[in-house]
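1. Give me coordinates for this.
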Amino acid sequence: MDHKTGEQALNETIMEYPWMDFYLVSLDETRALVRGTLDISHGYQLQIEFIGVGYIDCPASWKTDTGKEVFSRPLPEMLPDELRRRLFDNNGGEVFRFAVDGFHGPWFAYIVAREIRFESSLGQAYLPW
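-> Numbers count the residues shown, from 1 in each chain. Below you'll find the predicted structure:
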């Protein structure tokens, strides 16, 4: 598998699947690793690495309807002031946003990082955890 970059390419890859469950599988001082799968018991199809993480506001796992835009990179000036202040308090980077299908309705998870890269399996094949 080759690493790819770009939020549009990532969103297009995610939308190739009928749905996707995401898991925050690793987090350290500067990196976060999120994996997406159709069935956790068989492995994963997508791995997203966030590099230079400065802020994270997302659950440990979540479900997403892939029939609409799932992943985006909103411009900071388009975010509400309170959210922008929270996301960039003592850090910098790009804002990356996931659409989350919560029990009480849709909302967004945010990760502020310097860059992302991702890799996906061929078709809907599973990669081992």
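2. And the pLDDT at Gly67?
-> You'll see Gly67 listed with a pLDDT of 86.
3. Also His3?
-> pLDDT, read off for His3, is 68.
4. so where do the strands sit in this structure?
-> 20-27, 31-37, 46-51, 55-57, 61-64, 71-72, 94-102, 105-113, 115-120 (DSSP state E).
5. Among these, single out whichever gets nearest to Glu7.
-> Distance to Glu7, taken as CB to CB, is lowest for strand 71-72 among these, at 5.9 Å. The way it works is simple: take the backbone N, C-alpha and C, and place the C-beta from them, glycine included.
6. And the contacts of stretch 72-84?
-> Applying CB atoms under 8 Å, 6 or more residues apart in numbering, the contact partners of stretch 72-84 are Glu7, Asn11, Leu87, Phe88, Glu94, Val95, Phe96, Arg97, Ala99, Tyr110.
7. Can you give me the neighbour number for Ser121?
-> 15 (other CB atoms under 10 Å).
8. Please look at it and Gln45 and confirm they touch.
-> Yes - under the criterion of CB atoms under 8 Å, Ser121 makes contact with Gln45 at 4.8 Å.
9. okay, and the common contacts of those two?
-> By CB under 8 Å, 6+ apart, Ser121 and Gln45 have these common neighbours: Leu127.
10. residues of stretch 36-46 that come out buried?
-> Gly36, Thr37, Leu38, Tyr44, Gln45, Leu46 (16 or more other CB atoms under 10 Å).
11. any chance of the residues you listed in TSV, plus distance to Lys63 and pLDDT?
-> Output for those, formatted as TSV (distance: CB to CB, whole Å; pLDDT from 0 to 100):
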residue	distance to Lys63	pLDDT
Gly36	10	94
Thr37	11	94
Leu38	11	92
Tyr44	14	94
Gln45	15	93
Leu46	14	93
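12. name the helices or strands packed onto the helix or strand bottoming out on mean pLDDT in the chain?
-> Across the helices and strands of the chain, mean pLDDT, DSSP states H and E gives its lowest value to helix 7-14, namely a mean of 87. The contact analysis (3 or more CB pairs under 8 Å, 6 or more residues apart in numbering; DSSP states H and E) places helix 7-14 against strand 46-51, strand 71-72, strand 115-120.
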